[in-house]
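1. after the sequence you'll find the predicted model.
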Amino acid sequence: MQSTTANKKQKRGRWIVRGGIAILLVAGILLVTGALGRRRDSRAASQAEPDQVATAFLGDLSAKVSASGQVEPAQVARLSVNTPGIVARVPVSVGDEVHAGDALVQLQTDDLALQVERAEQNLALSQAQLEALQQGPSVEDVAAAEAAVQSAQANLDELQAGPRAQEVAASEAELRAQQANVASASAAYQGTLESISDTAIAAAQADLLAAQIAYNEAQGDADTHPSERTYDGAEEASEQLAIARAALNELLAGPNPGTVNSAAASISAAAAGADQAAANHAQLLSGASASQIAAAEASLAQAQANLANLTAGPTDEALTVAQTQVEQARLTLADAQEVLAKATIRAPFDGQVTQVHVSQGEYATGVVVELVSNALYVLLSVDEMDIGTLAVGQPARVTLEPWPDMEITAEISSIAPSANVGQDGIVSFDVRLDLGATDLPARIGMTADAELITAQRENVLLVPNAAIMADRQTGTYSVNLVSGEADEVKRVPVTIGLQDADWTEITSGLTEGDRVAVGELKAPTQRRGPFGGS
């Protein structure tokens, strides 16, 4: 439903008609004139007398659409954790005012920080490897590769040249030494076998007989003259007898098996060493085999290839691989940093906390905190008859139910593309108004009344609506122009523009200061002045 109003601002002085008295408002001073009731001659005028007269003036005019709605928050957020985790702290409570970027919920981040550190190290290593490829080999690397080539070449040359005299002499000496070891081990073995002779056995038997005689004497003395001394002598003689008997038994038993086996093993080891020395000597004399020369040639080729690759610089493929590794490491780091950053739930805009769903120490999943923005808007329901006059960007004035005399500037930010149909069949559209700055403590859900300015004119010529006469058949408009000392009335055609409930814009036919009749014309009569003059 359309309603209109006129701005009271004037660019110049303005006539206001009140009860037949013209009041001129100039710079805030009221000047009252009796022009409408000036003294007239007693002779009758040929024209009718206007009931009221108004003066055309320059002013501002606007047309409006009125509608009501509710105050809503411009943004509503239900913030969730990206990765579930233990809550380290919750620095906000319901009702707290927060700013964009403020921390609302903080999860534990020790493991996440470690992942970021590892990703940083991996990126640094990948970058270092790429830089090393791009910069080329160092002097030390080239020198080492060249030394490897020289060593491989020398080895091949030696194999192909055959053994030197010094090598043959050394090999022969080794062979003779190993053969001497075999002879020595054999002699030791034979000595072990022949270590027990008849002479040794006879001597052992004599020692045993002497020990037996000494024991018999000592035991007889102890029996005849018992004392501590004779007992100790008998005990010592008994020990000597046992030792002599054991020595004779060992000789009679033959060589020790362990000693014999050890001597035999020494012979085997010496023989194996002699065989190996003989084989080495024979191989040395016969020269390098084809397989040895082939292996040496392969080692030389590999060393030469390594040197060539090193001095030629990295291939395009190697650079591409290294660059890819750097990029992958960078993406991995970015992902780890993002996960770490999302462990801190932050306010996306300035607003107020409305719900907190977690506490310190809890395992957080899903929505953890809710908030609404400080920026507010009004959602209006506008009748379909008025929606055609509205457009995004049009200004508006809003008053809230608790403060009906306090206006808030606003602007249409969106108009719903589809209509709402009520149970009563009334069709309406949702229109959103973004509110301007205000000191009023506006709250979500408050009732708001809005005047949507559909058209606006500044510094245009205005007359009262009652001064306009319309010819419906021709679609033309006219006014009764009042002029002259005798207030002569003449109908003149005019072109009109914007209208509101009180005023009409005149686009042609009048000029500022022209006076027009307002209301019905009546026959002229002699009247007294407004201040009692005749």
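-> Yep, that arrived.
2. residue contacts, Gly361?
-> Contacts here follow Cβ atoms under 8 Å, 6 or more residues apart in numbering; on that basis Gly361 touches Ile86, Val87. Where you see a C-beta, it was placed from the backbone N, CA and C, and this is true even at glycine.
3. what residue ranges in this protein are flagged as low confidence?
-> Within the chain, the set of residues satisfying pLDDT under 70 comprises 1-50, 193-197, 254-256, 522-534.
4. quick check, central residue of it?
-> Centroid-nearest residue in the chain, with Cα atoms, centre = their mean: Glu338, separated by 2.9 Å.
5. next secondary structure element downstream of whichever strand or helix holds that residue?
-> When elements are assigned from DSSP states H and E, Glu338 belongs to helix 316-342. Using DSSP H and E, the helix or strand that directly follows helix 316-342 along the chain is strand 344-346.
6. that following strand packs against which elements?
-> strand 103-107 (3 or more Cβ pairs under 8 Å, 6 or more residues apart in numbering; DSSP states H and E).
7. go through the strand it packs on and flag the buried ones.
-> Within strand 103-107, the residues scored as buried using 16 or more other Cβ atoms under 10 Å are Leu104, Val105, Gln106, Leu107.
8. who's in contact with it?
-> By Cβ under 8 Å, 6+ apart, the residues outside strand 103-107 that reach it are 79, 81, 83, 85-92, 98, 343-347, 353, 356, 358, 364, 368-369, 371.
9. given that strand, what are its sheet partners and their directions?
-> Strands adjacent to strand 103-107 in the sheet, as given by DSSP bridges, are strand 85-89 (antiparallel), strand 344-346 (antiparallel).
10. right, and the helix or strand after that strand?
-> Beyond strand 103-107 on the C-terminal side, the first helix or strand identified by DSSP H and E is helix 110-135.
11. just so I have it, where are all the helices in this structure?
-> Using DSSP state H, the helices assigned to the chain run over residues 110-135, 139-161, 165-193, 198-224, 228-252, 257-286, 290-312, 316-342, 384-387.
12. Asp449: which of those is closest?
-> helix 384-387 (14.5 Å; Cβ to Cβ).
13. which parts of the closest one are buried?
-> Within helix 384-387, the residues that qualify as buried are Asp386, Ile387, counting by 16+ other Cβ under 10 Å.
14. filter the contacts of strand 103-107 to the buried ones?
-> Of all these considered here, the ones buried according to neighbour count by 16+ other Cβ under 10 Å are 79, 81, 85, 87-88, 90, 92, 98, 343, 345-347, 353, 356, 358, 364, 368-369, 371.
15. ok so, going back, what's the angle from the helix holding Glu338 to helix 290-312?
-> Between helix 316-342 and helix 290-312, the angle comes out at 60 degrees (axes from the mean of the first three to the mean of the last three Cα atoms, to 10 degrees).
16. which other helices and strands contact helix 316-342?
-> In this structure, helix 316-342 makes packing contacts with helix 110-135, judged by 3+ Cβ pairs under 8 Å, 6+ apart.
17. tilt between the helix it packs on and helix 139-161?
-> Orientation of helix 110-135 against helix 139-161 (the same axes, to 10 degrees) gives an angle of 60 degrees.
18. tell me how far helix 110-135 lies from the chain's centre.
-> Going by Cα atoms, centre = their mean, to the nearest Å, the spacing between the C-alpha centre of helix 110-135 and its chain's C-alpha centre is 18 Å.
19. name the helices or strands packed onto it?
-> Contacting helix 110-135 under the criterion 3+ Cβ pairs under 8 Å, 6+ apart are the following elements: helix 316-342.
20. and for Tyr363, the neighbour number?
-> A count of neighbours around Tyr363, defined by other Cβ atoms under 10 Å, yields 11.
21. for it, give me its contacts.
-> With contacts defined as Cβ under 8 Å, 6+ apart, the neighbours of Tyr363 are Pro84, Gly85, Ile86, Val87.
22. burial count for the nearest residue to Ile201 once chain neighbours are set aside?
-> Taking Cβ to Cβ, 6 or more residues apart in numbering as the measure, Ile201 lies nearest to Leu251, with 5.1 Å between them; neighbours along the chain are not counted. The criterion is other Cβ under 10 Å. On that basis, Leu251 has 19 neighbouring residues.
23. and what of Arg457?
-> Arg457 - counted by other Cβ under 10 Å - has 18 other residues nearby.
24. Ser286 too?
-> Every residue meeting other Cβ under 10 Å relative to Ser286 is counted, giving 10.
25. for Ser68, same thing?
-> The tally of other residues near Ser68 (other Cβ under 10 Å) stands at 13.
26. tell me who's in contact with the residue nearest to it when sequence neighbours are not counted.
-> Computed as Cβ to Cβ, 6+ apart, the closest residue to Ser68 that is not its neighbour in sequence is Asp449, at 5.2 Å. Under the criterion of Cβ under 8 Å, 6+ apart, the contact list for Asp449 reads Ser66, Ala67, Ser68, Val398, Thr399, Leu400, Glu401, Pro404.
27. can you name the residues bridging to the fourth one?
-> It refers to Val398. Per DSSP bridges, the residues bridged to Val398 are Ile408, Ala450.
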